[in-house]
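1. Okay, predicted coordinates and the sequence, questions at the end:
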Amino acid sequence: MNYSNLLLSSLLTVGLYTSAHAQENLTEESAASPEDATSTEAQQGRPRSQIIKDLKALKAKDLKINANAAQPDTVKDPLQSLNRPIYSFNDMLDRNILRPVAVQYNEKTPEDVRGSYRQFRKNLGEPWNAVNQLIQGRPGRAAKTLGRFTVNTLTTLGLADPASRLGLPPEDESFGVTLGYYGVPSGPFLMLPFFGPSTLRDGIGLAVDSQARPQKYIMDNQDGLYWSTNVLQAIDTRAQYLDLDQTIQGDQYAMIRDLYLQRKAFQIAEKKGNSADVSFIDDDESEDVPDDSQTKTKK
């Protein structure tokens, strides 16, 4: 695939991703229950801090939202005056293009088919996960990841996950997280056009990820396949968190930003063997915020 076609198709594809692309891992394991839907009706008009606490209570276990993102906006988001208009642009694309398509995709595509496609896509990413784990100095975890890839590929062509039942659970990686593992600062929060929430560090990581994943080389010089696969990935990713649309109320930009920063901090702390049970809600807004994070035994 020549560079110009790759750039064009990438820009058009990520135009469909918006926040979904950056939030994929955060949302793909969660599904709202009937109780969740009922609770969202009561959230209308609540203060942002209360909504955040409610969302944490509903989703903390599944989304692993435990890290600290309580820095003042001037520290974590100095480019807010630029980021907010970009978020509005991304949100417009989502409301008018991606979300309507994702709704139809959920309604017309059987759940088993969606799940098999999602697992197949994740399985293709396992080799790059293993590379990141080796870079992090975690060869044991990398061996498990390669074992997952081998078992799932040989038994189901990657369409299912028997490896998890054999004691080989998944652990998603990205180069941005690997940089954070070695102490590279996140830099300012960025709301990227089309791509959605990121940071300076994660933006660099995203560029490396896009060039290193096997999919890029499998579909080299196959523009049609590359385009179709990425569009489908964008739609499937968005479809996974349709149930959360009404959960995030109030200042959606600020909440998405804090959730993103929080999860990234948790991922890095978890890989280092540290718990990060510090809420991003300011101390003066909540009495339930733990005072500090605790340290676990390093893996």
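-> Sure thing, it's come through. Numbering: from 1, shown residues only.

2. what ranges do the strands span in the stretch 51-200 of the chain?
-> Applying DSSP state E, counting those that start in this stretch to the stretch 51-200 of the chain gives strands spanning 189-192, 196-199.

3. outside of the following helix or strand past the last one, which residues touch it?
-> Going down the chain from strand 196-199, the next helix or strand is helix 200-212, by DSSP states H and E. Taking contacts as CB atoms under 8 Å, 6 or more residues apart in numbering, the residues outside helix 200-212 that touch it are 10, 22, 128, 131, 174-180, 184-188, 190, 192, 195, 198, 216, 264. For every residue, glycine as well, the C-beta is placed using N, CA and C.

4. What subset of these is buried?
-> Buried residues within those, counting neighbours by 16 or more other CB atoms under 10 Å: 10, 22, 128, 131, 174-180, 186, 190, 192, 195, 198, 264.

5. From those residues, which land in helices?
-> When DSSP state H defines the helices, the subset of the buried ones among the contacts of helix 200-212 inside them is 10, 22, 128, 131, 175-180, 264.

6. Farthest-apart pair in the residues you listed, please.
-> Using CB to CB, the two most remote members of those are 10 and 180, lying 24.1 Å apart.

7. just to revisit the earlier point, which one of the ones in helices among the buried ones among the contacts of helix 200-212 is nearest to residue 251?
-> Proximity of these to residue 251 was ranked by CB to CB; the top entry is residue 22 with 17.9 Å.

8. Quick one: residues contacting residue 129.
-> Residues near residue 129 by CB under 8 Å, 6+ apart: 145, 171-173.

9. now, among those residues, which is nearest to residue 246?
-> Closest to residue 246, out of all of the contacts of residue 129 and judged by CB to CB, is residue 172, at 26.4 Å.

10. The closest one touches residue 126, doesn't it?
-> No. Applying CB atoms under 8 Å, one finds residue 172 not in contact with residue 126, separated by 9.3 Å.

11. With neighbour numbers in mind, choose between these two.
-> Between residue 172 and residue 126, residue 126 has the larger neighbour count (other CB atoms under 10 Å), namely 24 against 16.

12. wouldn't the more buried one be in contact with residue 144 here?
-> No. Using CB under 8 Å, residue 126 is not in contact with residue 144, being 10.1 Å away.

13. leaving aside the residues next to it on the chain, what's closest to residue 245?
-> Excluding its sequence neighbours, the residue lying closest to residue 245 (CB to CB, 6 or more residues apart in numbering) is residue 99, at 7.6 Å.

14. so who does the one you found touch?
-> Applying CB under 8 Å, 6+ apart, the residues contacting residue 99 are 238, 242, 245.

15. Select from these every entry located in helices.
-> Among the contacts of residue 99, the ones falling in helices (DSSP H) are residue 238.

16. Counting neighbours, which of the contacts of residue 99 comes out on top?
-> residue 238 (27 neighbours).

17. can you count the residues close to residue 127?
-> For residue 127, the count of nearby residues is 15 (other CB under 10 Å).

18. Tell me if I'm right that it and residue 149 touch.
-> Yes. With contact defined as CB under 8 Å, residue 127 and residue 149 form a contacting pair (6.3 Å).

19. rewinding a little: going by distance to residue 232, which of the contacts of residue 99 wins?
-> residue 238 (10.9 Å).
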